[in-house]
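Undergrad: structure for this input, please:
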Amino acid sequence: MTGSLVLLSGGMDSTVALAREALDHRAKFALSVDYGQRHRKELSAAVRIAAEYPEIEHEVLDLTGWGRLLTGSALTDPRVPVPHGHYAAPAMAITIVPNRNAVLLMAAAGVAIAVGCDEVVIAVHAGDHPVYPDCRPEFIDQINRATALATDQAVTIRAPFLNYTKTDIALQSAIYAAPVHLSWSCYEGGERHCGRCGTCQERIEAFLDAGIHDPTLYAL
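TA: Below is the predicted model:
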């Protein structure tokens, strides 16, 4: 079997990526990763989202031991408060999980070979570029080269939203009928999206700019 393995975080972007791959009949497998992230609700969201596509196998990979070592990030260290404010603000750098995408992509490439997929799809987008070095085009290009070498050309990395804005992804959610109402973005991980952290603000702006109803319940 050939097809794509989609990294499904449970957030809005990966939800739309999965919907797009499913509609194109490419998605064969969805992989979520538990690295001990503070916003653990995204993993529950990923399970609910994957259930919308019963033809696609879904698994959660346990990397919590790795995540415990990543102190200093607001996403893995409970002692570090989640910053509020716009996503592009310098304060958002504290949400960097060191080398996360490299680890996730290489792990996913191994799984892809085992389950017979020839691509790993990751939903990084242009809005990530200023904050996260492992979401930038040059990183995706090099990790794709490394993955091809490591797998003897059996697996490649594809980032379909690499040059899309968050608003573009919101528009795509409507085109592909993605179940974004089930997705979780907030870094706080509370009962509702806080509406104050950078990823919440980015989500609010994306739906507003796209002119699409935002199905998200916010605490504010």
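Undergrad: what's near enough to touch Ala30?
TA: 5-6, 8, 18, 46, 50, 53, 56-59 (Cβ atoms under 8 Å, 6 or more residues apart in numbering). Bear in mind the C-beta positions are built from the backbone N, C-alpha and C, glycine included.
Undergrad: and Val155, by the same measure?
TA: 109, 112-113, 117-120, 147-148.
Undergrad: what's the separation between it and Thr15?
TA: Between Val155 and Thr15 the distance, using Cβ to Cβ, to the nearest Å, works out to 23 Å.
Undergrad: state the pLDDT value of Thr76.
TA: For Thr76, the pLDDT comes out at 70.
Undergrad: cool, and Gly198?
TA: Per-residue pLDDT puts Gly198 at 86.
Undergrad: got it, and the one 3 residues further on?
TA: Here the pLDDT value assigned to Gln201 is 93.
Undergrad: quick check, Pro78 in a helix?
TA: No. Counting by DSSP: H, G, I helix; E, B strand; the rest coil, Pro78 is not part of a helix but coil.
Undergrad: OK, contacts around it?
TA: Pro78 neighbours (Cβ under 8 Å, 6+ apart): Arg38.
Undergrad: so which bits of stretch 212-220 are buried?
TA: 214, 216 (16 or more other Cβ atoms under 10 Å).
Undergrad: cool, and stretch 34-51?
TA: Residues 35-39, 41-43, 45-46, 49-50 are the ones in stretch 34-51 that count as buried (16+ other Cβ under 10 Å).
Undergrad: among those, which two are most distant?
TA: Taking Cβ to Cβ, the two most distant members of those are Arg38 and Ala50; they sit 21.5 Å apart.
Undergrad: and what about Ser32, helix, strand or coil?
TA: Applying three-state DSSP: Ser32 is strand.
Undergrad: which residues does it form beta bridges with?
TA: Counting by DSSP bridges, Ser32 is bridged to Val60.
Undergrad: surely it and Gly10 touch.
TA: Yes. At 6.5 Å, Ser32 counts as touching Gly10 under the criterion of Cβ atoms under 8 Å.
Undergrad: what's in contact with the lowest-mean-pLDDT helix or strand in the chain?
TA: In the chain, the helix or strand scored least confidently by mean pLDDT, DSSP states H and E is helix 64-68, which has a mean of 90. Outside of helix 64-68, the residues within contact range by Cβ under 8 Å, 6+ apart are 34-37, 76, 97, 103.
Undergrad: make it 6 Å
TA: For helix 64-68, the surrounding residues in contact (Cβ atoms under 6 Å, 6 or more residues apart in numbering) are 34-36, 76.
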